[in-house]
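Visitor: Sharing a model prediction with you, sequence too.
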Amino acid sequence: MRVFSVKVTGSHLTRCKTTAAVQRDVVRDTDLSIRFKHGKNTVVLFVDPMATFSQVQEELLDTLKERYPHGIDIPDSPDKMRLPSQASQIKFALPKDKTNPAMGWNQIDFELDEAPVDKGFQDNTMVAFAIQPEDADDADELVFEVTLPSYDDEGEDEPM
């Protein structure tokens, strides 16, 4: 199995070998590089454009279990969120404004047999994910929390 992930160094993305697994032996040129975000965590998966949402949920859950076996960090909390028992509990959202994800997220309503490209996913799409509690109703609204990096200059107020 060829294993790839994306390592962020400064403002540059570098493809490198790590322990986060791609579920296929080969990453094809047609695969979409999708950035799944929750809190400060980002998981990059290479997704077959014709894969179903069900398959994407399974692959994301497998990767989360491998990478975060004790749970995912919760923004502004020392606690961890437990991973779901079923991949179908993972829900997705796209930015309200592609150029400014700080504007918030719109949850995607999808059928498990639909493909992400049917909902507008493209290469390098940023997708928020949230985990629906087991006892929640599908009508319950989820909060998609994504912590975006800040590029504030240190010492901005200091005279030169």
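Guide: Everything's here; your move.
Visitor: can you give me the strands in the chain?
Guide: Assigned by DSSP state E, the chain shows strands spanning 5-9, 12-16, 32-38, 41-47, 72-73, 80-81, 90-95, 105-107, 126-131.
Visitor: got a pLDDT number for Asp31?
Guide: If you check Asp31, the pLDDT there is 89.
Visitor: Give me the distance between the residue nearest to it when sequence neighbours are not counted and Asp123.
Guide: Excluding the flanking residues, the one nearest Asp31 by CB to CB, 6 or more residues apart in numbering is Phe46, at 4.2 Å. From N, CA and C alone the C-beta is placed, and that goes for glycine too. Counting by CB to CB, to the nearest Å, the separation of Phe46 from Asp123 is 10 Å.
Visitor: repeat for Leu32
Guide: Relative to Asp123, and taking CB to CB, Leu32 is found at 5 Å.
Visitor: Which of these two has more residues huddled nearby?
Guide: Comparing Leu32 with Asp123 by neighbour count (other CB atoms under 10 Å), the higher total belongs to Leu32, at 18 against 12.
Visitor: Am I right that Ile90 is in contact with Pro84?
Guide: Yes - Ile90 is within contact range of Pro84, at 6.3 Å (criterion: CB atoms under 8 Å).
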